[in-house]
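**Q** dropping the sequence and predicted coords here.
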Amino acid sequence: MLKKLSFLIIIIFFSYFGVIISRAYKTNNIDINDKFIALTFDDGPSKYTNEIIKILSENDCSATFFIVGNKIHNYPNTIQKIIDSGNEIGNHTYSHKILTKLNMNELKFEINTTNQLLKRNFNYDIKVIRPSYGISGNKLKKITDLSITLWNIDTLDWKYHSVERIIKRATNNLKDGNIILMHDSYKRSVLALKEIISIIKKQGYKCVTISELNAIKKLREY
């Protein structure tokens, strides 16, 4: 009897969280046995962000945009389009400062201001954060419950002007669960994106947001 009850609880658990995932995100029918890649874009929004959203939509992909808070007022329509298209918005601080050089009040301002702007203007609750330059420190963990997200594939698209080089850096050594770092503030990144997605899909990966990837990893633990 106890074994049957335990089995029933497991079935209910997976059914419940499967419904949560399919309702909460654009990607439907997630199978945790599939292979997943998370595309992420830092430092936006910019004049190129809408092009990236369009490419993602055309290829049935979702991504996470880690936005800088002081750019929000310049791109309200773009922010809304990110949300409406089923992509995710992450916190990339308010003014892109190195967080370890800030005192606690300055640090709180950088994080909380961006969260509040998204909530007040778009009724959007941020779940993930990427510290500027990938530098966080212990103080950040103390002041936020957001999931601190770095990367394991860096395209260096801010450095390299060659579209082919960006594509190669993004796709040369793909593994399940990889997080790819790009930026939505360079035209070369836009030009590289279609081919990057094509290669990702040919290798059997699905593109998901960071929060989707985090949820999948948790489900795999059970």
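**A** Cool, got the structure. This one's a predicted model, so the numbers in the text were calculated from it and none came from an experiment.
**Q** gap between the residue nearest in space to the middle of the chain and residue 208?
**A** Most central in the chain under C-alpha atoms, centre = their mean is residue 64, positioned 2.7 Å from the mean C-alpha point. Distance of residue 64 to residue 208, given as C-beta to C-beta, to the nearest Å: 9 Å. Placement of C-beta: from N, CA and C, glycine included.
**Q** what sits in contact with each of these two?
**A** Jointly contacting residue 64 and residue 208 under the rule C-beta atoms under 8 Å, 6 or more residues apart in numbering are residue 38.
**Q** where are the low-confidence patches of this structure?
**A** Low-confidence segments of the chain, defined by pLDDT under 70: 1-29.
**Q** how does it look with 50?
**A** Counting by pLDDT under 50, the ranges of the chain that qualify are 3, 7-12, 14-28.
**Q** quick one: the helices in it, in order.
**A** Secondary structure of the chain (DSSP state H): helices at 2-24, 49-58, 76-84, 104-122, 138-143, 163-171, 187-202, 210-220.
**Q** contacts for the shortest one, please.
**A** Right, helix 138-143. In contact with helix 138-143 (C-beta under 8 Å, 6+ apart) are residues 99-100, 104, 107-108, 111, 129, 131, 148.
**Q** cool, and the second one?
**A** Applying C-beta under 8 Å, 6+ apart, the set of residues contacting helix 49-58 from outside is 39, 41, 61-63, 65, 75, 78, 81-82, 85, 87, 184, 189-190, 193-194, 197, 207.
**Q** how about it: buried residues?
**A** 49-53, 55-56 (16 or more other C-beta atoms under 10 Å).
**Q** biggest strand in this structure by residues?
**A** The residue-count maximum for a strand in the chain (DSSP state E) belongs to strand 35-44.
**Q** quick one: it to helix 187-202, angle?
**A** Angle, strand 35-44 to helix 187-202, by axes from the mean of the first three to the mean of the last three C-alpha atoms, to 10 degrees: 170 degrees.
**Q** just give me the neighbour total for residue 60.
**A** Here the number of neighbours of residue 60 (other C-beta atoms under 10 Å) works out to 14.
**Q** 161 is where my numbering starts, stick with that
**A** Sure, I'll start counting at 161 from here, so that last one is residue 220.
**Q** what are the phi and psi angles of it?
**A** With angles defined as degrees, to the nearest 10, residue 220 sits at phi 50, psi 50.
**Q** any idea how far residue 316 is from it?
**A** Relative to residue 316, and taking C-beta to C-beta, residue 220 is found at 27 Å.
**Q** please consider this matter closed, and thank you.
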